[in-house]
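A.B. asks: Sequence unavailable; structure follows:
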């Protein structure tokens, strides 16, 4: 008998070693399902259980939740593909094919983390020079801005790496138009030209490009490790693990060398080191020794990273946790850290001051449902 | 049976009084009374202009009901015209 | 082991401790709360329901607590948390039990994706299910309560489940939620029903919950074949009228009640069509419950 795992331990183990799912007790499944639901990983678990040949051996009600998550993801994938198809056959034909990022990229490139994964919006990367044109072309197809506050507009346009999110007036889909992978004001500045120059075409019928493998993995890394909200962080970390292992397995040394070199060229080796460390600690990712050494660097940075480790590991936890207090402290610190990295101190102070005292208040009641009328209607 | 309508995957379910269409991409569902025939005729007339929405709007108009033909026959004609491809599960 | 076997003090203890795992048809909810009134309310309407022990699997993680703000003491409020996340606006503390009911409904509506979930009531006779989808205020629950009081088996008052492969209807059998005038109407209609204490001034007005008959609870896992889909409408003073509804229209109407239709897409489309193919659809206008029951008894008897 082992002592029962909490939801986070059980979920991490299931992601790292899917066969372990057969070892869970019903009570452990309760918290594991809750943790997977919170991080939108139910469908991923179903996919992993199926690949590991254990799906049929899961307790019946558990299998139902995982399978249900998979069905939802399946429908989501269809909707995202259609949205991308609709976009590519419209006004965007007047521009060079944009790079599709994140969930859309995993889906179109058929990467192993796409199956069972929920993708909430479409992310496209354009060369900076095409940005305004893309925005106006999209406007004619019904894509409008979601942020009407002039401050927010300025915040995005001057300081961020993307336009304020666009929303389709009829379909309600969200589209993020990026020109870089990190904010303009971030602690280091990544060179988008480098990313765009080596992006690869997707096979027909797609008229999009995807980042080359090392850049795809590095984008997943910088996205999570510069993030202020760590709500679904475990899902994002799982993406990183799968991308590293998948490309590492196919490209071997040349992928790993490219990863190390590009991390350095883009100035994000330090973020990659945190990511690698978390992937190993949390999800038992397999990374070759030389890569570890090249990325993890000197002893001093190793000590610094070890000190920061609990912050990330607690931040990765879901609410099905045995350490809820430490998790919330970690999340608060990660929030501050994310902002600190995103902006130089004076700008940050200005930004937070505006958000706290001057910004028009959002309708808080909108964020949660009214229980009247069947709970959700 | 899966039908691709102008490159977009649609599922059709004939009911007693109506044809139901599910548009795989947008996830929208349409109900068209007396449809297969209308759908076919309309599509054959203007294949390149047909989006599902415009089709639904036009076909929902009871004033413009074209004559009736059989569903299977209609789909066959459509396939020949290259407008839809039909896939049986 | 049922709630009544366990006794109120043990129920209270479990709610305060590791949680009470309440089994309602196919679902088990783990409920945790330190709010005292909840145990008593559970005893009133869930007494015949099975309770699972702590080592069992629970589908839903339900937690009811006061907010951590000053509203913990000053005009105290209650929050419902699913998986630790608050899903409703805070509501006055005296509504804790209705909030728990709405919260469990929310879980079924939002966390079940392996079968179609319709916002509807369903009752059964001779293995056949009568499904009553309806928007609020249509008198769906009143009709459902009256049918149950007249010998139909309660499948569910709130969430009809339709399997994605088998042509079977099930539901989490749970107390029937009655609002405002319906409470007296049901009390007058059937002397034998057990209602919970009423809770006033909720978002839905005054609410009370009807304890399902133990025979319905015992048969909670038993599926039924969908036979009739009836869209009820209570209209004061109206003559009883059951009218066949064309399949296409029935489909479009019931889709509006399907919680997870958008999430399941194509599968939901075909399964909803399958359901409508199998069942006869009707609209039903009524004002007198006795006549309504006669109508459905006749329908079940094939008259």
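C.D. replies: Yes, it's here. Since this is a predicted model, take the numbers as computed values, not measurements.
A.B. asks: what's residue 99 in contact with, if anything?
C.D. replies: Let's take chain A. Counting by Cβ atoms under 8 Å, 6 or more residues apart in numbering or on different chains, residue A:99 touches A:105, A:124, A:125, A:126, A:195, A:196, A:199, A:208, A:209, A:210, A:211. (Each C-beta comes from the backbone N, C-alpha and C, glycine too.)
A.B. asks: ah, I was thinking of chain C
C.D. replies: Residues near residue C:99 by Cβ under 8 Å, 6+ apart: A:371, C:64, C:78, C:80, C:88, C:91.
A.B. asks: what's the burial count for the fourth one?
C.D. replies: Okay, so that is residue C:80. Using other Cβ atoms under 10 Å in any protein chain shown, residue C:80 has 26 other residues around it.
A.B. asks: Confirm that it sits in a strand.
C.D. replies: Yes: under DSSP: H, G, I helix; E, B strand; the rest coil, residue C:80 sits within a strand.
A.B. asks: That one is in contact with residue C:101, isn't it?
C.D. replies: No: at 9.6 Å, residue C:80 does not count as touching residue C:101 under the criterion of Cβ atoms under 8 Å.
A.B. asks: before we move on, back to that, kindly reformat the contacts of residue C:99 as a markdown table containing pLDDT and distance to residue A:110.
C.D. replies: Output for the contacts of residue C:99, formatted as a markdown table (pLDDT from 0 to 100; distance: Cβ to Cβ, whole Å):
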| residue | pLDDT | distance to residue A:110 |
| --- | --- | --- |
| A:371 | 54 | 42 |
| C:64 | 96 | 44 |
| C:78 | 95 | 47 |
| C:80 | 97 | 41 |
| C:88 | 94 | 40 |
| C:91 | 93 | 47 |
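A.B. asks: Closest to residue C:240 out of these?
C.D. replies: residue A:371 (32.2 Å; Cβ to Cβ).
A.B. asks: element containing the closest residue to chain B within chain A?
C.D. replies: Nearest to chain B in chain A, going by Cβ to the nearest Cβ, is residue A:82, at a distance of 2.9 Å. Assigned by DSSP states H and E, residue A:82 falls within helix A:60-88.
A.B. asks: Quick check: the gap between the residue sitting furthest away from the middle of chain C and chain A.
C.D. replies: The outermost residue of chain C, judged against the average C-alpha position, is residue C:70 (33.3 Å), by Cα atoms, centre = their mean. Going from residue C:70 to chain A by Cβ to the nearest Cβ, to the nearest Å gives 17 Å.
A.B. asks: Torsion angles phi and psi at that residue?
C.D. replies: phi -70, psi -20 (degrees, to the nearest 10).
A.B. asks: what does residue C:51 give?
C.D. replies: When read as degrees, to the nearest 10, the backbone of residue C:51 gives phi -120, psi 130.
A.B. asks: And residue A:114, by the same measure?
C.D. replies: Dihedral angles of residue A:114 (phi, psi; degrees, to the nearest 10) stand at phi -70, psi -30.
A.B. asks: Could you find the closest non-adjacent residue to residue A:265?
C.D. replies: Nearest residue to residue A:265 in three dimensions, chain neighbours excluded: residue A:194, at 6.6 Å (Cβ to Cβ, 6 or more residues apart in numbering or on different chains).
A.B. asks: contacting residues around the one you found?
C.D. replies: Contacts for residue A:194 (Cβ under 8 Å, 6+ apart) come out as A:262, A:265, A:266.
A.B. asks: so which strand or helix has it?
C.D. replies: Counting by DSSP H and E, residue A:194 is part of helix A:192-197.
A.B. asks: List the buried residues of the helix holding residue A:82.
C.D. replies: A:61-88 (16 or more other Cβ atoms under 10 Å in any protein chain shown).
A.B. asks: Among the contacts of residue A:99, which ones are in helices?
C.D. replies: A:105, A:195, A:196 (DSSP state H).
A.B. asks: Most neighbours among those residues, which one?
C.D. replies: Going by other Cβ under 10 Å, residue A:105 tops these with 25 neighbours.
A.B. asks: How much space separates that residue from residue A:227?
C.D. replies: Counting by Cβ to Cβ, to the nearest Å, the gap from residue A:105 to residue A:227 is 18 Å.
A.B. asks: Any regions of chain B where pLDDT drops low?
C.D. replies: With pLDDT under 70 as the threshold, chain B has low-confidence stretches at B:1-8, B:32-89.
A.B. asks: wait, what's in contact with residue C:253?
C.D. replies: Listed by Cβ under 8 Å, 6+ apart, the contact partners of residue C:253 are C:133, C:231, C:245.
A.B. asks: Quickly list the domain ranges of chain C.
C.D. replies: Taking automatic domain parsing as the reference, chain C has its domains at C:3-111, C:116-300.
A.B. asks: Of all the ones you listed, which one comes closest to residue A:171?
C.D. replies: The nearest among these, by Cβ to Cβ, is domain C:116-300 at 11.8 Å.
A.B. asks: In stretch A:23-43, which of the residues would be classed as buried?
C.D. replies: For stretch A:23-43, using 16+ other Cβ under 10 Å, the buried residues are A:24-43.
A.B. asks: what's the spacing between it and its chain's center?
C.D. replies: Relative to its chain's centre, stretch A:23-43 lies at 20 Å (Cα atoms, centre = their mean, to the nearest Å).
A.B. asks: near chain B, which of the contacts of residue A:99 show up?
C.D. replies: Among those, not one lies near chain B by Cβ under 8 Å from any Cβ of the partner chain.
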